[in-house]
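**Student:** One predicted model, sequence on top.
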Amino acid sequence: MTRAAVITVPAIANAAGYEQIEDIALVRRSQSGDRDAFSELVRRHQHLVYNVSYRFMRDAAQAEDMAQEAFLKAYRLLSGFRGDCSFTTWMYRVTSSVCLTELSRRKRRGEVEMPQETGDNLATTEAVPEETDLKEQIRRCVTYLSDRYATIITLYYLNGSSYDEIAQVMDVPLGTLKTWMFRARKQLRRIVEKEVFSNG
């Protein structure tokens, strides 16, 4: 599937008459080569994917690009979808992965800078300036975390997802998610202390 195909899929889907078919049935048809079925999946989930992308990227144009990439990746990976979770949950994971990968690339290129300070028990006790956007600071710092912890922190602090929602997205028990969150905060605190405050 090309980028152009993803852009034009809503029109294709509406003409296909798939509106009443459940997601899982559309997935199975897509896995069998039915592109119109995948077009309907895109139509149904494009708003969710864009919103998730925007919360990561904080820019409308970049969010559109990431949404396109997410659907392209989903199309490539669809053969591996077994139905262990809902397609919505799976698409949420794919989109988060695409956005985190892009943020990591930007970090390596030097386009994402470590913040001067951060807060909410994630760094030291030094005060955060009132004009500082805490969410933006966390978004920049999070690219230094492992993928698992970056996803948890991003979903909780930037997407505003609840523990229950994150546990569902990551397909782990709630207790496990809480343990990972504790470790993610601890790891992020160490990163900030080392990268930002170690020289002064």
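**Tutor:** Yep, it's here.
**Student:** all contacts plus neighbour counts: C-alpha atoms, from now on.
**Tutor:** Will do.
**Student:** Tell me, how many residues neighbour residue 50?
**Tutor:** For residue 50, the neighbour count with other C-alpha atoms under 10 Å is 21.
**Student:** who's in contact with it?
**Tutor:** 63-64, 66-67 (C-alpha atoms under 8 Å, 6 or more residues apart in numbering).
**Student:** Leaving out chain neighbours, which residue sits closest to residue 46?
**Tutor:** residue 67 (7.5 Å; C-alpha to C-alpha, 6 or more residues apart in numbering).
**Student:** no, scratch that, I was asking about residue 151
**Tutor:** residue 96 (7.1 Å).
**Student:** Go ahead and confirm that neighbour touches residue 53.
**Tutor:** Yes: at 7.3 Å, residue 96 counts as touching residue 53 under the criterion of C-alpha atoms under 8 Å.
**Student:** Hmm, residue 175 and residue 164 touching each other?
**Tutor:** No: counting by C-alpha under 8 Å, residue 164 does not reach residue 175; the two are 10.0 Å apart.
**Student:** Next secondary structure element downstream of the lowest-mean-pLDDT helix or strand in the chain?
**Tutor:** Using mean pLDDT, DSSP states H and E, the weakest-scoring helix or strand in the chain turns out to be helix 3-16, at a mean of 44. Following helix 3-16 in sequence order, the next helix or strand is helix 23-31 (DSSP states H and E).
**Student:** Now do the buried residues in that next one.
**Tutor:** For helix 23-31, the neighbour count (16 or more other C-alpha atoms under 10 Å) marks 23-24, 26-28, 30-31 as buried.
**Student:** Torsion angles phi and psi at residue 171?
**Tutor:** phi 60, psi 50 (degrees, to the nearest 10).
**Student:** and the closest residue to it other than its chain neighbours, how many neighbours?
**Tutor:** Leaving aside its chain neighbours, residue 171 sits nearest to residue 85 (7.9 Å; criterion: C-alpha to C-alpha, 6+ apart). When neighbours are defined as other C-alpha under 10 Å, residue 85 has 14 of them.
**Student:** Just to check, residue 29 is in contact with residue 37?
**Tutor:** Yes: counting by C-alpha under 8 Å, residue 37 is a contact partner of residue 29 at 6.2 Å.
**Student:** Tell me the helix or strand right after the host helix or strand of residue 169.
**Tutor:** Assigned by DSSP H and E, residue 169 falls within helix 163-170. Using DSSP H and E, the helix or strand that follows helix 163-170 in sequence is helix 174-192.
**Student:** Could you pull out the buried residues of that following helix?
**Tutor:** 177-178, 180-181, 184-185, 187-189, 191-192.
**Student:** out of those, which one sits closest to residue 152?
**Tutor:** The nearest member of the buried residues of helix 174-192 to residue 152, counting by C-alpha to C-alpha, is residue 181 at 6.6 Å.
**Student:** give the contact list for that closest one.
**Tutor:** Residues in contact with residue 181 (C-alpha under 8 Å, 6+ apart) are 149, 152-153.
**Student:** who's more crowded, residue 96 and residue 53?
**Tutor:** For residue 96 versus residue 53, the count of surrounding residues by other C-alpha under 10 Å is larger for residue 53: 28 against 25.
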